[in-house]
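K.L.:
next one to model:
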Amino acid sequence: MNIAVIGIGYWGPNLVRNFVRHSAVSKVYCYDVDEKRIHSVCKEFPKVIAASRYEQILNDPLVDAIVLSTPVASHFDLAQQALEHGKHVLIEKPITASVQQAERLIDLADKKSLKLMVDHIFVYNGAVKKIKEIIDSGEIGKIMYFDAVRINLGLFQHDVNVLWDLATHDLSIMRYLYSKKPKAVSAIGKGHFHQLENIAYLTVLFENDCIAHFHVNWLAPVKVRTILIGGSQKMIVYDEMETTEKIKVYDKGVEVTSREGVYQTLIGYRRGDVYIPKFDTSEPLANVVDEFVGSVEENKTPLTDGNAGLEIVKILEAAQKSIAKSGEIVALDEHR
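P.N.:
Numbering: from 1, shown residues only. Model prediction:
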């Protein structure tokens, strides 16, 4: 396969590095509107082929797939052009800036029989995969809540707010770990320096008793990346900032009992052991690249395909409507 990486600013060089190293990739092309970035990445990776225009990539019959690591606002237009020129597409998160745009790309990819994939990188993280194994085994019981905190000082984005930038990660993790479809959202947020919110709180509601909450912030004095998953039998804490003990499984919970003739429910607490499971420590981005290449070569649907990206954008778009209505609950449209 021959791959072209478009946009080599912050994340692009990491994509280039992984595609260059992949055994199934013969050539890697790159393009950026900033020629200095092109020069820098070609200096670091001499085998990379520089392009002077995006049209050059589109019209090159040797290029099989295009990887977009560009601002969100540009995703739809660039991806649409790539698909129309018969190229498979991998897009950085979020897939597009609106539900309508995501749906149009999915329909176009289906029509052209091309692969459309979004880089929800944490779905390919070994620790998150291990958590899914634990949940799927039934060990923690019924999931009651999903609570995520992703805060730090910066990096302020200029085209999307903190929800679209940071919450996308945790929403993709939630979707991967929990198979139930959300029914509604409520969100509040505030932009202290411009119209884009730099702090936000998002609540996702499900048909059953499960509830999910996401706290994202660009103005925190510390960097926190934690997820708490409460099960009816056990509970999981995932701390991304930990170097080795990222996952802890707690045999803790609540036991409810009632006595005949007693109207008041009795609540008891169970405090058991804690264990730290091992997990695959391979680079998540290398797994993303392998999934994309494999989906093209083997003609299979990637784990985080266009529909996975669409589901996240549906939540984000509904959350934006809720923020505009001061936290009013907004139902998720299941029209697709």
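
K.L.:
could you pull out the buried residues of the longest helix along the chain?
P.N.:
Longest helix of the chain, by residue count under DSSP state H: helix 306-324. Of all the residues in helix 306-324, those buried under the rule 16 or more other C-beta atoms under 10 Å are 306, 308-320, 322-323. C-beta coordinates here come from the backbone N, C-alpha and C atoms, glycine included.

K.L.:
cool, and stretch 228-248?
P.N.:
Using 16+ other C-beta under 10 Å as the test for burial, stretch 228-248 gives 228-231, 234-240, 246-247.

K.L.:
likewise for stretch 216-224?
P.N.:
Buried, per 16+ other C-beta under 10 Å, within stretch 216-224: 216-218, 220.

K.L.:
rewinding a little: tabulate the buried residues of stretch 228-248 (CSV), appending pLDDT and secondary structure.
P.N.:
CSV is the format used below for the buried residues of stretch 228-248 (pLDDT from 0 to 100; DSSP: H, G, I helix; E, B strand; the rest coil):
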residue, pLDDT, secondary structure
Leu228, 98, strand
Ile229, 98, strand
Gly230, 97, strand
Gly231, 96, strand
Lys234, 96, coil
Met235, 97, strand
Ile236, 98, strand
Val237, 98, strand
Tyr238, 98, strand
Asp239, 98, strand
Glu240, 97, coil
Lys246, 97, coil
Ile247, 98, strand
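
K.L.:
let me have these in JSON lines, adding distance to Phe206 as columns.
P.N.:
Listed next are these as JSON lines, based on distance: C-beta to C-beta, whole Å:
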{"residue": "Leu228", "distance to Phe206": "16"}
{"residue": "Ile229", "distance to Phe206": "14"}
{"residue": "Gly230", "distance to Phe206": "13"}
{"residue": "Gly231", "distance to Phe206": "15"}
{"residue": "Lys234", "distance to Phe206": "20"}
{"residue": "Met235", "distance to Phe206": "18"}
{"residue": "Ile236", "distance to Phe206": "18"}
{"residue": "Val237", "distance to Phe206": "21"}
{"residue": "Tyr238", "distance to Phe206": "20"}
{"residue": "Asp239", "distance to Phe206": "25"}
{"residue": "Glu240", "distance to Phe206": "24"}
{"residue": "Lys246", "distance to Phe206": "26"}
{"residue": "Ile247", "distance to Phe206": "23"}
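
K.L.:
from these, which is closest to Ala82?
P.N.:
Ranked by distance to Ala82 (C-beta to C-beta), the buried residues of stretch 228-248 are led by Glu240 at 31.6 Å.

K.L.:
tell me if I'm right that the closest one and Thr226 touch.
P.N.:
Yes: between Glu240 and Thr226 there is a contact at 7.2 Å, judged by C-beta atoms under 8 Å.

K.L.:
re the thing from before, looking at the buried residues of stretch 216-224, which is nearest Ser295?
P.N.:
Of the buried residues of stretch 216-224, the one sitting nearest to Ser295 (C-beta to C-beta) turns out to be Val216, at 29.7 Å.

K.L.:
doesn't that closest one fall inside a strand?
P.N.:
Yes: according to DSSP: H, G, I helix; E, B strand; the rest coil, Val216 belongs to a strand.

K.L.:
now it: how far from Met144?
P.N.:
Distance from Val216 to Met144, counting by C-beta to C-beta, to the nearest Å: 22 Å.

K.L.:
now swap in Lys252 and tell me
P.N.:
In terms of C-beta to C-beta, Lys252 sits 13 Å off from Met144.

K.L.:
check Lys180 too.
P.N.:
Counting by C-beta to C-beta, the gap from Lys180 to Met144 is 12 Å.

K.L.:
overlap in contacts of those two?
P.N.:
Contact criterion C-beta atoms under 8 Å, 6 or more residues apart in numbering; residues shared by Lys180 and Met144: Cys210.

K.L.:
who's more crowded, those two?
P.N.:
Met144 (17 against 12; other C-beta atoms under 10 Å).

K.L.:
please name the bridge partners of the nearest residue to Gly327 once chain neighbours are set aside.
P.N.:
Nearest non-adjacent residue to Gly327, counting by C-beta to C-beta, 6 or more residues apart in numbering: Ile188, 4.4 Å away. Counting by DSSP bridges, Ile188 is bridged to Tyr201.

K.L.:
list the contacts for Ile188?
P.N.:
Applying C-beta under 8 Å, 6+ apart to Ile188 gives the contacts 200-201, 322-323, 326-327.

K.L.:
now do the contacts for Leu202.
P.N.:
Applying C-beta under 8 Å, 6+ apart, we find Leu202 in contact with 163, 167, 185-187, 213-214, 216, 315, 319.
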